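Novice: Give me coordinates for this.
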Amino acid sequence: MTIVTTQHGVFLKIHSYGVLIVGRSGIGKSELALSLIDNGHSFIADDIIEIFVDTTQQLMGICPKALGDFLEVRGLGIINVRRLYGDHVILREYPLNMIIRLKEFTMDELNEIDRYQGMHSELEFFKIKVPEVTIPVGMSHNLVVLVETAVRMQQLRQQDYLANEDLAEKIVGATSRSPS
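Specialist: Numbers count the residues shown, from 1 in each chain. Okay, here's the model as predicted:
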């Protein structure tokens, strides 16, 4: 018997990663998903994502059958992604590799974010940890570029590369070589 939990959000395949985009209702998850689909990424589920562990112990996200192909976008209503973009953008299920949390911040809260580390954490499903990145919304950010970059950065993190550590090493190396 497979145990399933549900999560609210939008689930996409971005740069070969299964990415669950979460955030409060009305924050722009579906509009962001539509932009990412338009950028060539694949759509899996909107609103309700069922999460389970497959036989290989991989965390998977799947779209409930009744909701397949549909995305609700405020102002546009319900759209059929398959009819608009074609069969090639639709996936029924995919491994869950990462979570992107969209969150609104006050200016004071934004100033408290570590500019070198970013906002990285983990969520756990069935004792499997999933990396999570929080992205501030509003302030005219290009969320598509930020999400695509967050995914690529996570891929580099899995290869044990951290840009902030690389920069720190270069600064230390440069300052240790400079004349006093």
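
Novice: What residues of the helix or strand where Val130 lies count as buried?
Specialist: In this assignment (DSSP states H and E), Val130 forms part of strand 128-136. The neighbour-count check on strand 128-136 (16 or more other C-beta atoms under 10 Å) flags Val130, Pro131, Glu132, Val133, Thr134, Ile135, Pro136 as buried. (C-beta placed from N, C-alpha, C; glycine too.)

Novice: now do stretch 83-97
Specialist: Here stretch 83-97 shows Tyr85, Val89, Ile90, Leu91, Glu93, Tyr94, Leu96, Asn97 as buried, counting by 16+ other C-beta under 10 Å.

Novice: related to what we said a few turns ago, quick one: mean pLDDT for the strand holding Val130?
Specialist: Strand 128-136 comes out with an average pLDDT of 94.

Novice: quick one: strands adjacent to it?
Specialist: Take DSSP bridges as the rule and strand 128-136 pairs in its sheet with strand 98-103 (parallel), strand 120-125 (antiparallel).

Novice: for this protein, what are the low-confidence residue spans?
Specialist: Low-confidence segments of the chain, defined by pLDDT under 70: 1, 139-140, 177-180.

Novice: Can you show me the strands along it?
Specialist: 5-14, 17-22, 42-53, 59-62, 70-73, 77-80, 93-95, 98-103, 120-125, 128-136 (DSSP state E).

Novice: hey, which of the ones you listed is tucked in deepest?
Specialist: Of these, the one with the most neighbours on average (mean count of other C-beta atoms under 10 Å) is strand 17-22, at a mean of 24.
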